[in-house]
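Visitor: Would you be able to build a 3D model of this:
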Amino acid sequence: MVRVRVRRPQDLGLAIAEARKAQRLTQQELADSLSLDRTYLARMESGITTVLLERALRVLRRLGAEVIVQIPVPPDGGGEDAVTSR
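Guide: Got it, this is the predicted structure:
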């Protein structure tokens, strides 16, 4: 299980990208399955943010809360337990 600590919108983008890659999906495949444009997904993965998301993460940090995304690793993908934070 890979764990990504989300402190900034960029961290959430990293978590989305890592989860997509763990599922061996291309951006296009994931976007199609969600009825999204691939460029929108690419922007999400690059951490382009909205004011709401930035403020929500700031409030959570101020309250001492942590947001952690847990990404399952496919059986042949290792099984390391790591927490990443940028």
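Visitor: all strands for this protein, in order.
Guide: For the chain, applying DSSP state E gives strands covering 2-6, 67-71, 82-84.
Visitor: okay, those in JSON lines with distance to residue 35, mean pLDDT and mean neighbour count next?
Guide: All C-beta spots, glycine's among them, are computed from the backbone N, C-alpha and C. Shown next, in JSON lines, are the strands of the chain (distance: least, C-beta to C-beta, whole Å; pLDDT from 0 to 100; neighbours: other C-beta atoms under 10 Å):
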{"stretch": "strand 2-6", "distance to residue 35": "25", "mean pLDDT": "92", "mean neighbour count": "19"}
{"stretch": "strand 67-71", "distance to residue 35": "22", "mean pLDDT": "94", "mean neighbour count": "15"}
{"stretch": "strand 82-84", "distance to residue 35": "29", "mean pLDDT": "51", "mean neighbour count": "12"}
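Visitor: Now for residue 53: which residues touch it?
Guide: 9, 12 (C-beta atoms under 8 Å, 6 or more residues apart in numbering).
Visitor: Please apply the same query to the one 4 residues further on.
Guide: With contact set as C-beta under 8 Å, 6+ apart, residue 57 has these partners: 6-9, 67.
Visitor: Could you do residue 42 as well?
Guide: Residue 42 neighbours (C-beta under 8 Å, 6+ apart): residue 27.
Visitor: All set now, cheers.
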